[in-house]
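**Q** fold the following and give me the result.
(2 chains)
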Amino acid sequence: MTGTDPLDAYGRAGGEDDWGDRDGAAEEELRILLQRAVPALDDPADRMERIRARAARVRRRRRAAALAAGLTGGLLVAALVAAPAIAPAPDRGAALRPAGPVSAPASATPSDGPTVPDELVGITIGLREWNVVARVPQGWFSQASDADDPEGGVLLTDPPGQSPQATAQSGPPTPCPTTESDACRLPKLLPVDGAVLSFLKVDDPGLVGKVAAEPATAREQAPEKPCLVRGGNREFVGHKLITRPGARAALIELTVCLRQPSDATVGLVQPVLDSIQAVGGATPSRGTPTPLG
Amino acid sequence: MSDANPDFEEFVAACGPKLLRVAWLLTGDPHQAEDLLQTAFARVWPKWDRVAIDRPEAYTRKVLVNCHVSWWRRRWTGELPHGELPEPVPTGGDPYEEVVVEQVVAQAVRALPPRQRAVVVLRYFEDLSVEETAEVLRCSTGTVKSQTHRALSVLRGRLPSRELLLTGGPRDRY
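**A** Residues are numbered from 1 along each chain as shown, chains lettered A, B, ... in the order given. Take a look at the predicted model:
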């Protein structure tokens, strides 16, 4: 260091609170140095494309992490069914609720899309600031996530052990009194003809505009890793725009992972997507299962 | 991923260069700076509808600075403060003077702990007030003041004289 140190003046000469005011000149010198220190930096022409790719990767990672961990929270809501018409267990504990008839939500958006089969029943999914209803086969179950993540959702699952396949894969029936219970987690492997459905609220203004201009159609895609590790061999993705009075439209992404599905199960994907709609106001309390019926 | 919102693309084009300079001061490396900037933009994009309404640049800067602080916490990269810096011996009129200024000042700033570095960049490069800096860093104004004091004390001991760094010779007030 030299004897003529211009930053000596930065030292606190007076009280604790006013040193900055006293040394305005010295601070100005630092400002000059900082401005001159920054080199000429190139702005890549493809910056926007890279940002877009990063955002897509983040979204995929969140979905994968939530699928992999079951109730880890995150953006994800997942559903598992061992067979489309598993009978509900008589006593599943407080945390699991079978799908039941939809109880005509007062403020639900009237469906103006394709007809949803009558045999499907409503089940609510609590997403951040939204309650979403999807119509699924009898016997599907929902469970709320109690994750702290504000985007946390609900796990829909089959009652473990209620079908031969499920018993083989998930072990004996286990009550699921709390959302922290391991019994509420997704089994490692899907049973044959089983499915995991994830409902993800997507914050993507660009995609909202795109979906709004097209009919909500589930498209088959190559199964991603979270699906493959559960034994899934087919995967569908669809988006549905939902609205409710006094709120901006929200985009829900439905991802369906299937393992050796029957034609009947594949045929359920589009009706489930079509059935997604908003219900009521904001999610009243996260972590609480919200059965309909 | 979908097409980006045109407003957001305009925002990236308009504010990218400025925020990249902030990122460079925080990271000291052009590649890391671009990485940090893109990370911040990617986090802002999904919330753009909400962010765009109220001071998007300030919000993005906040995300960028806090990303940097959390990066530093999560993945330590071997960066260590140094008590001694190579003593530059620039002379007036040296064609490499700008490079020397860049290196010396950047090294001195980089030697600061991440939060002190952020305070210095926000207050003296971005010209934010103590209150605004506290809001960005989500801390109290007292913390900003104390961090500023510590940072400047360190810089005082590490930055060589301005006369050696800047052309034009010593100024009268020194």
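
**Q** stretch B:123-140 vs chain A: in contact?
**A** Yes: residues of stretch B:123-140 are located near chain A by CB under 8 Å from any CB of the partner chain, namely B:Tyr124, B:Phe125, B:Asp127, B:Val130. Placement of C-beta: from N, CA and C, glycine included.

**Q** among the residues you listed, which ones are buried?
**A** Buried subset of the residues of stretch B:123-140 next to chain A (neighbour count, 16 or more other CB atoms under 10 Å in any protein chain shown): B:Tyr124, B:Phe125, B:Val130.

**Q** for stretch A:225-232, buried residues please.
**A** A:Pro226, A:Cys227, A:Arg230, A:Gly231, A:Gly232.

**Q** closest one to B:Asp49 out of those residues, please.
**A** Closest to B:Asp49 out of these is A:Pro226 (28.0 Å), distances taken as CB to CB.

**Q** that closest one: what secondary structure?
**A** Under DSSP: H, G, I helix; E, B strand; the rest coil, the three-state class of A:Pro226 is helix.

**Q** A:Cys257 is in contact with that one, correct?
**A** Yes: A:Pro226 is within contact range of A:Cys257, at 7.2 Å (criterion: CB atoms under 8 Å).

**Q** so where do the helices sit in the stretch 151-293 of chain A?
**A** Remark: helices assigned in the stretch 151-293 of chain A by DSSP state H, counting those that start in this stretch are A:164-170, A:205-212, A:225-228, A:263-275.

**Q** nearest to chain B, out of these?
**A** Proximity to chain B, assessed across these by CB to the nearest CB, is greatest for helix A:205-212 (3.7 Å).

**Q** let me know the average pLDDT across the closest one.
**A** Average pLDDT, helix A:205-212: 72.

**Q** and A:Asp43, that one's in a helix?
**A** No: assessed with three-state DSSP, A:Asp43 is coil; it does not lie in a helix.

**Q** any idea how far B:Ala13 is from it?
**A** Note on A:Asp43: its distance to B:Ala13, by CB to CB, to the nearest Å, is 8 Å.

**Q** who's in contact with A:Ala216?
**A** A:Gly113, A:Gly238, A:His239, A:Lys240, A:Leu241, A:Leu273, A:Asp274 (CB atoms under 8 Å, 6 or more residues apart in numbering or on different chains).

**Q** which among these end up buried?
**A** Buried among those (16+ other CB under 10 Å): A:Gly238, A:His239, A:Lys240, A:Leu241, A:Leu273, A:Asp274.

**Q** hmm, A:Gly194 is touching A:Val256, no?
**A** No: the criterion here is CB under 8 Å, and A:Gly194 misses it with A:Val256 at 10.9 Å.

**Q** how close does A:Leu273 get to A:Arg59?
**A** Going from A:Leu273 to A:Arg59 by CB to CB gives 18 Å.

**Q** what's the answer for B:Gln147, then?
**A** To A:Arg59, B:Gln147 is 35 Å away according to CB to CB.

**Q** just the pLDDT for residue 165.
**A** Going with chain A. Note for A:Gln165: predicted pLDDT of 38.

**Q** meant chain B, my bad for not saying
**A** Looking at B:Leu165, its pLDDT stands at 48.

**Q** next one: A:Asp146
**A** If you check A:Asp146, the pLDDT there is 39.

**Q** who in the stretch 51-200 of chain A is up against chain B?
**A** Contact residues (CB under 8 Å from any CB) of the stretch 51-200 of chain A with chain B: A:Ile51, A:Arg52, A:Ala53, A:Arg54, A:Ala55, A:Ala56, A:Val58, A:Arg59.

**Q** now the second one: which helix or strand?
**A** For A:Arg52, the host element (DSSP states H and E) is helix A:47-69.

**Q** tell me the mean pLDDT over that helix?
**A** Mean pLDDT, helix A:47-69: 74.

**Q** B:Ala151 against B:Leu112, yeah?
**A** Yes: in this structure B:Ala151 lies within contact range of B:Leu112 using CB under 8 Å: 5.4 Å.

**Q** quick check: which ranges of chain B have low pLDDT?
**A** Low-confidence segments of chain B, defined by pLDDT under 70: B:1-6, B:51-53, B:72-100, B:160-174.

**Q** follow-up on the earlier one: are any of the residues of the stretch 51-200 of chain A next to chain B buried, and which?
**A** Among these, those that count as buried by neighbour count (16+ other CB under 10 Å) are A:Ile51, A:Arg52, A:Arg54, A:Ala55, A:Val58, A:Arg59.

**Q** where in chain A is pLDDT low?
**A** Low-confidence segments of chain A (pLDDT under 70): A:1-26, A:61-129, A:137-188, A:204-206, A:280-293.

**Q** circling back to that earlier point, adding distance to chain B, write the buried ones among the contacts of A:Ala216 out as TSV.
**A** Formatted as TSV, the buried ones among the contacts of A:Ala216 follow (distance: CB to the nearest CB, whole Å):
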residue	distance to chain B
A:Gly238	14
A:His239	10
A:Lys240	15
A:Leu241	13
A:Leu273	18
A:Asp274	21
